[in-house]
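**Q** One predicted model, sequence on top.
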Amino acid sequence: MPKVRNLTTRLKTAHEALDNISEGQTPKAMMKSVNKAAKIVKALYDTAQKVEAPKTKGTKKPLNAYMQFAAKHREEVKKTLAKENNGKVDVTQVAKELGRLWRQAKENNEVPDSTSAKKAARK
């Protein structure tokens with residue numbers, strides 16, 4: 001990242017170049033001062049465009065009860081489907097099977113409630 005002091009100095013130089021323009025100057029001299037200031041400002045703009053804002057990773061939400069259930073059972077479901085389909089496992093098949101298992105678990109009250117899922121996510 002460019003130093004602020006350097007950028008400030010360059011801006012002052014551009015400002016001085018524009019301040020040096022007077023009514024008594026020839027148009028050629030005026031254009032020279034304006035072009036000098038424009039080059040400095042363009043260089044500063046280009047430098048600013050190259051500076052990237054630091055990439056921050058957003059805070060992740062804790063996994064809900066279904067996502068924890070799916071993460072826990074996904075590999076088991078993949079292995080079962082691979083045996084049934086000669087090694088071919090489609091993502092949609094896995095999702096459907098996980099959904100079916102989730103509904104069965106909910107009907108049998110084997111699913112942890114959302115508060116216990118939140119507590120597990122905090123750990």
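**A** Yes, it's here. Numbers count the residues shown, from 1 in each chain.
**Q** For the protein, list the residue farthest from the centre, please.
**A** For the chain, the residue at maximal distance from the C-alpha centroid (C-alpha atoms, centre = their mean) is Gly24, at 53.9 Å.
**Q** Can you pull the phi and psi angles for that residue?
**A** phi -80, psi -10 (degrees, to the nearest 10).
**Q** Sketch out the helices for this structure, chain order is fine.
**A** Ranges of helices in the chain, per DSSP state H, are 4-19, 27-50, 65-84, 91-107, 114-122.
**Q** Can I get those helices in TSV including distance to Thr56 and mean neighbour count?
**A** Placement of C-beta: from N, CA and C, glycine included. Formatted as TSV, those follow (distance: least, C-beta to C-beta, whole Å; neighbours: other C-beta atoms under 10 Å):
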stretch	distance to Thr56	mean neighbour count
helix 4-19	22	13
helix 27-50	19	13
helix 65-84	23	14
helix 91-107	30	13
helix 114-122	21	12
